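Asks: Fold the following for me, if possible:
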Amino acid sequence: MKEYLKTRNHTTFKRYCKFLRLQDDPVLIEKYRQIHAPGMVWPDITGDMKEAGILDMEIYIHGNNAFMIMETVPDFDHEKAMRALASKPRQVEWENYVSRFQHAEGRSDTPEKWEIMERIFLLD
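Replies: Presented below is the predicted three-dimensional model:
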């Protein structure tokens, strides 16, 4: 089992949990892991995400399923921010690059590929 310690600098935020299926190919999944290793995501991509109001993001993999936790500023407008990110030249290039690892069924960009999940339980 893997545990992860986490310290937050923000106390009020919105959280989005998203799901994406990857290609069911161990070689491609390993490459997807590698391109998301610390320091490997293009700085333009992470910079644009922070500029859009994304405070923190984590991606987890289990088999060929990817799960994202995204924390944003409280007034984050998800649809507007995702459209703005999708229009940035480096984001388009990144999406084209990572699409070969993803089983997106014809969906072309991040807002379409990463599906928002519904929270069904919250520990009081």
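Asks: With adjacent residues omitted, what lies nearest to residue 56?
Replies: Spatial nearest neighbour of residue 56, excluding adjacent residues (CB to CB, 6 or more residues apart in numbering): residue 71 at 4.3 Å. From N, CA and C alone the C-beta is placed, and that goes for glycine too.
Asks: dump the residue contacts of that neighbour.
Replies: Residues near residue 71 by CB atoms under 8 Å, 6 or more residues apart in numbering: 8, 10, 13, 14, 15, 16, 54, 55, 56, 57.
Asks: Sheet partners, orientation included, of the host helix or strand of it?
Replies: Taking DSSP states H and E as the criterion, residue 71 maps to strand 65-72. In the sheet, strand 65-72 lines up against strand 14-21 (antiparallel), strand 54-62 (antiparallel) (DSSP bridges).
Asks: beta partners of the spatially most central residue of the chain?
Replies: Central residue of the chain (CA atoms, centre = their mean): residue 68, 5.0 Å from the mean position. In this entry, residue 68 is beta-bridged to residue 18, residue 59, by DSSP bridges.
Asks: Looks like it contacts residue 56 (just checking).
Replies: No. Using CB atoms under 8 Å, residue 68 is not in contact with residue 56, being 10.8 Å away.
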